[in-house]
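Colleague: I'll drop the sequence and a predicted model, then ask my questions.
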Amino acid sequence: MAYEQHIQAAKEIVARCAVVTLSDTRTPATDTSGQLIQKLLTDGGHRIAAYHLIKDDPEVLESLLLELASNSDVDALLTNGGTGIARRDQTIEMIERMIDQPLPGFGELFRMLSWQQIGAGAMLSRAVAGITRGKPIFAMPGSSKAVELAMTQLILPQLRHILHELRK
């Protein structure tokens, strides 16, 4: 089947998404990146199955993501925050341990597109994606510009297709 046919076959899929923001400083009212993810998903015809704002703590994140990945009402997991290189940023190591099938193209393309926006600073992002327990998981940086880039250029254009492939 041609790529366009795969996309067409998946066009009716509505993803039920869990959105998780990792931040030691944001509140639900100031979580602009988490709000943006939710808005872009719903504007794209998807649903928000869960939203959590948690401290940047890998143990708390792991417990939450395992719970969400086991939830039959959740189709995809999207996180933002904790992807940098600061000592406190341990999100990527934890998520990589959960991934059964990596999707290295997500991080590669995200950094390439980021390079076009911010130059060499793009190399500091460790954005990652993969499949965990049969569900896609995307770890994005916490900035709203990075979230918008990842969502509009990478995740939303392929989310239905990814779910279609996983359901075969």
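Modeller: Noted; the coordinates are in hand.

Colleague: residue contacts, Leu156?
Modeller: Leu40, Leu41, Gly44 (CB atoms under 8 Å, 6 or more residues apart in numbering). The way it works is simple: take the backbone N, C-alpha and C, and place the C-beta from them, glycine included.

Colleague: So which of the residues you listed are in helices?
Modeller: When those are checked against helices (DSSP state H), the matches are Leu40, Leu41.

Colleague: And the contacts of Leu156, which is closest to Ala15?
Modeller: The shortest approach to Ala15 among the contacts of Leu156 belongs to Leu41, at 7.4 Å (CB to CB).

Colleague: Can you give me the pLDDT of that closest one?
Modeller: Residue-level confidence at Leu41 comes out at 98, pLDDT.

Colleague: and what of Ile7?
Modeller: Here, the pLDDT recorded for Ile7 equals 83.

Colleague: so it makes contact with Leu163?
Modeller: No: look at Ile7 against Leu163 with CB atoms under 8 Å: they stay out of range, at 12.0 Å.

Colleague: will you turn the contacts of Leu156 into JSON lines that also has distance to Ile131 and neighbour count?
Modeller: Rendered in JSON lines, the data for the contacts of Leu156 read as follows (distance: CB to CB, whole Å; neighbours: other CB atoms under 10 Å):
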{"residue": "Leu40", "distance to Ile131": "21", "neighbour count": "18"}
{"residue": "Leu41", "distance to Ile131": "19", "neighbour count": "23"}
{"residue": "Gly44", "distance to Ile131": "20", "neighbour count": "17"}
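
Colleague: tell me what the longest helix along the chain is packed against?
Modeller: With DSSP H setting the assignment, residue counts place helix 104-118 as the longest helix in the chain. Contact analysis of helix 104-118 by 3 or more CB pairs under 8 Å, 6 or more residues apart in numbering; DSSP states H and E lists strand 128-132, helix 144-150 as its packing neighbours.

Colleague: between those, which one is nearest to Pro157?
Modeller: Nearest of the helices and strands packed on helix 104-118 (CB to CB): helix 144-150, 10.9 Å.

Colleague: got the buried residues for the closest one?
Modeller: Using 16 or more other CB atoms under 10 Å as the test for burial, helix 144-150 gives Ser144, Ala146, Val147, Leu149, Ala150.

Colleague: ok, back up a step: can you lay out the helices and strands packed on helix 104-118 as TSV showing mean pLDDT and distance to Asp24?
Modeller: As requested, these are arranged in TSV below (pLDDT from 0 to 100; distance: least, CB to CB, whole Å):
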stretch	mean pLDDT	distance to Asp24
strand 128-132	98	21
helix 144-150	98	17
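
Colleague: Mind putting the ones you listed into JSON lines with distance to Thr83?
Modeller: Converted to JSON lines, the helices and strands packed on helix 104-118 look like this (distance: least, CB to CB, whole Å):
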{"stretch": "strand 128-132", "distance to Thr83": "8"}
{"stretch": "helix 144-150", "distance to Thr83": "8"}
